[in-house]
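Chemist: Build the 3D model from these lines:
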Amino acid sequence: MARVAREMVEKAGIDVDKLLELLVKNAAAELTTYYYYTILRANLIGLEGEGIKEIAEAARIEDRNHFEALVPRIYELGGKLPENMVDFHNISACPPAKLPKDPTDVQAILKVLVAAERCAVRGYSEICNMTAGKDHRTYALSQAILHEEVEHESWFSEFLGEGPSGHFMRRGETSPFVRKFLPE
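Modeler: Numbers count the residues shown, from 1 in each chain. Take a look at the predicted model:
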């Protein structure tokens, strides 16, 4: 544990235990979303589904990257991940992004995808609000993840016909905001 890191965050007036709870729950959401998106992506078939598959894959990989970027900060602040995967899954900040009853219903899959992204946007907004001006490292990490989650939401919401977002699919580049937080 980076003792000074935790000390500085506490001195800034942040309840570190609450922050760690949020970070661990969001890490659980990222890893479980990575898993569920694997299933959702596999079921995006046919003319309509194939057009969404690449975007679902980009979001899936970036969610894994978010998990990888969060873990060091959790341990730096004196936290840890649950020892049991089932327990980790069950504390997720977001509900499971499960395959809809009709796995051929691409619109239903899109609704699952956009709901997962909206949950993530709420979670990282909460962490950013808690850490702004107080815990610079956690804020920067959460803000970087938030940028990517907002893009994911925008991509999926456009397919649902909710209007243009101004965001475009990135080509050949994953996690442009989070990359600096990932181990090389």
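Chemist: mind showing which ranges of this structure have poor pLDDT?
Modeler: 1, 170 (pLDDT under 70).
Chemist: And the helices in it, which stretches?
Modeler: 3-11, 16-42, 46-76, 85-90, 106-131, 136-159 (DSSP state H).
Chemist: Redo those helices as a markdown table? Include mean neighbour count.
Modeler: (C-beta placed from N, C-alpha, C; glycine too.) Formatted as a markdown table, the helices of the chain follow (neighbours: other Cβ atoms under 10 Å):
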| stretch | mean neighbour count |
| --- | --- |
| helix 3-11 | 14 |
| helix 16-42 | 20 |
| helix 46-76 | 19 |
| helix 85-90 | 12 |
| helix 106-131 | 20 |
| helix 136-159 | 21 |
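Chemist: Quick one, which of these gets closest to residue 96.
Modeler: helix 16-42 (5.7 Å; Cβ to Cβ).
Chemist: so what secondary structure elements neighbour that closest one?
Modeler: Other helices and strands packing on helix 16-42, by 3 or more Cβ pairs under 8 Å, 6 or more residues apart in numbering; DSSP states H and E, are helix 3-11, helix 46-76, helix 85-90, helix 106-131.
Chemist: Out of those, which gets nearest to residue 29?
Modeler: Closest among the helices and strands packed on helix 16-42, once you apply Cβ to Cβ, is helix 106-131, at 6.5 Å.
Chemist: Same list, the helices of the chain, but as TSV with distance to residue 171 please.
Modeler: Formatted as TSV, those follow (distance: least, Cβ to Cβ, whole Å):
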stretch	distance to residue 171
helix 3-11	36
helix 16-42	18
helix 46-76	10
helix 85-90	33
helix 106-131	20
helix 136-159	13
